[in-house]
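Novice: Provided below for reference: sequence and predicted model.
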Protein chains: 2
Amino acid sequence: MSGTLYIVATPIGNLNDLTPRAAATFGNVDFIAAEDTRVTLKLLNYLGLKKPLVNYFEHNKREMGEKVLDRIHAGESCALCSDAGMPAISDPGEQ
Amino acid sequence: MSGTLYIVATPIGNLNDLTPRAAATFGNVDFIAAEDTRVTLKLLNYLGLKKPLVNYFEHNKREMGEKVLDRIHAGESCALCSDAGMPAISDPGEQ
């Protein structure tokens, strides 16, 4: 059975704007696809969480997107997040 | 010295989307100006907070707005919130 892809909004300037639901999602998923793993690592450290991270950003999205989808199809759950804001909706990477 | 008016976003469907900063703001202000005090009371109960509430909504905003501003000018701090979303920005009451 396939896993789940969660789209997670992250704070745009104040870590106290991270919602409990976003924190819980990061805690529950198998891995995180992050626009910049360095930025997301800081957030995870703030939350006291350790999770496998993969880089998923503009210039590797085709190749990495396939890999992320393969893992989800294989049953893993993934949180997708950008550096700040809501991926694909209110985000510099919106297209 | 005048107090502060905080504009506080509230969840649109999941209480776990309330940010720690919003909860802290509700906890710190002197009173809350709410679009519907019944809705906001539920939120305060969820947070375990007791705060004086005033109704501030479309049809009393001129009269109540004066009163709220008077209290802020007198030094009280106020959190303004709607039933859901961000008052005046992403809210049914947006104008």
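Specialist: Cool, got the structure. Just so you know, these numbers come straight off a predicted model, no measurement behind them.
Novice: in three-state terms, label the nearest residue to residue A:30 once chain neighbours are set aside for me.
Specialist: Sequence neighbours aside, residue A:76 is the residue nearest to residue A:30 in space, at 4.1 Å (criterion: Cβ to Cβ, 6 or more residues apart in numbering or on different chains). Where C-beta positions appear, they are placed from N, C-alpha and C, glycine not excepted. Under the three-state scheme (DSSP: H, G, I helix; E, B strand; the rest coil), residue A:76 adopts coil.
Novice: do residue A:49 as well
Specialist: Of the three states, residue A:49 takes coil under three-state DSSP.
Novice: what of residue A:33?
Specialist: Recorded secondary structure, residue A:33: strand (three-state DSSP).
Novice: just give the number of residues close to residue A:71.
Specialist: Around residue A:71 there are 20 other residues, counting by other Cβ atoms under 10 Å in any protein chain shown.
Novice: touching, it and residue A:29? I think so.
Specialist: No. Judged on Cβ atoms under 8 Å, residue A:71 makes no contact with residue A:29 at a distance of 10.8 Å.
Novice: who touches both of these two?
Specialist: residue A:78 (Cβ atoms under 8 Å, 6 or more residues apart in numbering or on different chains).
Novice: returning to what we had before: what pLDDT does the residue nearest to residue A:30 get?
Specialist: Model confidence at residue A:76, expressed as pLDDT, equals 96.
Novice: give the contact list for the closest residue in space to residue A:28 that isn't next to it in sequence.
Specialist: Spatial nearest neighbour of residue A:28, excluding adjacent residues (Cβ to Cβ, 6+ apart): residue A:77 at 7.1 Å. Each residue near residue A:77 by Cβ under 8 Å, 6+ apart is listed here: A:3, A:4, A:5, A:6, A:28, A:29, A:30.
Novice: got it, and residue A:87?
Specialist: Going by Cβ under 8 Å, 6+ apart, residue A:87 touches A:7, A:8, A:9, A:35, A:80, A:81, A:93.
Novice: and if we set it to 6 Å?
Specialist: Residues near residue A:87 by Cβ atoms under 6 Å, 6 or more residues apart in numbering or on different chains: A:7, A:80.
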